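1. need a structure here:
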Amino acid sequence: MNEKSIFTLIREAPLPDSQKLKLESIVRGEELASVCRDSIAKHVFSPDLHPERMNFILQHTMNRMDLNVSHSASNETYLQNVYAKKMITDVPAWLKDHSLADLEFQIRPQEFIFNRADVYASNMLLLQYSADEARSREEIDFDTIHDSIIIVLMAKSPKAFKEFKSDRYIHRFVKARADSGLEFQMLKQMVFVELDKALEMYISGEYNEDEDVELLKLFALIADINNEKIKEEADKNRLLRDIREDVYKFTRDKEVQQMIYAEDIALSDYYSSINAARREAQAEGRVEGRAQGLAEGRAEGRAEGRAEGRTDIVALNKWLFEQGRESDVRKGTEDPAYLDSLLKEFNVCNSITE
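-> Prediction:
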């Protein structure tokens, strides 16, 4: 595929104009592709090509300098049966201590991100409890099983993270805590990184004194590799400079450019389908909601009408309001049996007063 043909594809693609311009800039080499893109992330943080980069993220994010990559792992997780849903991870790797780790790059916000990470980490943990070429079945038991570590790098924080007020952008789930306070170290460890928050903190310079600034810089670059401050920092930071140069060289390949284009088309189709389904569900919900609202309104209207037509209920409600018992008025309207009990109480009180 030559440059002219890919530019033609981009211009004819069913994509927003802003997205087309960005793709054209990447193809020309004027702008770098996002590290969070699937094809870019798999190359830049490949456990086989660049183990030192994955080591850096694992060690600094988990605060464990003993974590070191051995080699890449299969990105298609083991299926328990033919009916199981296939899961494809982004950058999985076996570590030298036989633990299994995975970097997941999420370019769009996902409100079900906790569920997804939990399922992925659980499946990885099952792999740990399986014999492999390095360990026989006799060597594997509950006291010898190793960790599974999943680090989710979110380009845009989902709602749950935005609503959680914290000065932290890394959220580590490494211990389970009971309501009694008892804790234990989990075998499946899940970490969520708010890349957009890391970028904001780095650009503003507003972060804690004990912040791991080198890690913060790397996450800021992953969040926005084209940011001007990141570019300036990369001139004096070897890790950042090497990643920027790697992304530039990698995206000069015509096949890579085609993959980037295909990713955008696939994402566009995916989210178009989701939005269409959401609009359809909303329309159905409005119809159902309107019908339900009318039915409830009629029922309430009839109940109120019956109440207004009975002088004993009018007197009861007046008495309840005088007693400061507005909640009983509402409950009596909704529950005929409760209304009868209120009427009996009202009649008893009136007979005593008389």
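2. next SSE downstream of the helix or strand where V191 lies?
-> In this assignment (DSSP states H and E), V191 forms part of strand 183-194. Counting by DSSP H and E, the next helix or strand C-terminal to strand 183-194 is helix 195-204.
3. can you mark which positions in whichever helix or strand comes after that next one are buried?
-> Later in the chain than helix 195-204, the nearest helix or strand by DSSP H and E is helix 213-223. Residues of helix 213-223 classed as buried: 215-223 (neighbour count, 16 or more other CB atoms under 10 Å). For glycine as for every other residue, the C-beta is placed from the backbone atoms N, C-alpha and C.
4. packing partners of whichever helix or strand comes after helix 213-223?
-> Downstream of helix 213-223, the next assigned helix or strand under DSSP H and E is helix 228-234. Applying 3 or more CB pairs under 8 Å, 6 or more residues apart in numbering; DSSP states H and E, one finds that helix 228-234 contacts helix 213-223, helix 238-250.
5. taking the centroid of this structure, which residue is nearest it?
-> I113 (2.9 Å; CA atoms, centre = their mean).
6. is it true that it touches A155?
-> No. When contacts are counted by CB atoms under 8 Å, I113 is not listed as touching A155 (11.8 Å).
7. overlap in contacts of these two?
-> Q106 (CB atoms under 8 Å, 6 or more residues apart in numbering).
8. ranges for the strands of the stretch 1-150 of the chain?
-> Using DSSP state E, counting those that start in this stretch, the strands found in the stretch 1-150 of the chain span residues 69-72, 91-95, 100-106, 148-154.
9. tell me the mean pLDDT over the first one?
-> Confidence over strand 69-72, taken as the mean pLDDT, stands at 94.
10. do stretch 164-177 as well
-> 94.
11. so how far is it off the chain centroid?
-> For stretch 164-177, the separation from the chain centroid amounts to 14 Å (computed by CA atoms, centre = their mean, to the nearest Å).
12. in it, what's buried?
-> In stretch 164-177, counting by 16+ other CB under 10 Å, buried: 169-170, 173.
13. which one among those gets closest to V247?
-> Y169 (22.5 Å; CB to CB).
14. my read is that the closest one contacts K197, right?
-> Yes. Taking CB under 8 Å as the definition, Y169 is a contact partner of K197 at 4.1 Å.
15. tabulate the helices and strands packed on helix 228-234 (a markdown table), appending distance to Q19 and mean pLDDT.
-> A markdown table is the format used below for the helices and strands packed on helix 228-234 (distance: least, CB to CB, whole Å; pLDDT from 0 to 100):
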| stretch | distance to Q19 | mean pLDDT |
| --- | --- | --- |
| helix 213-223 | 18 | 97 |
| helix 238-250 | 18 | 96 |
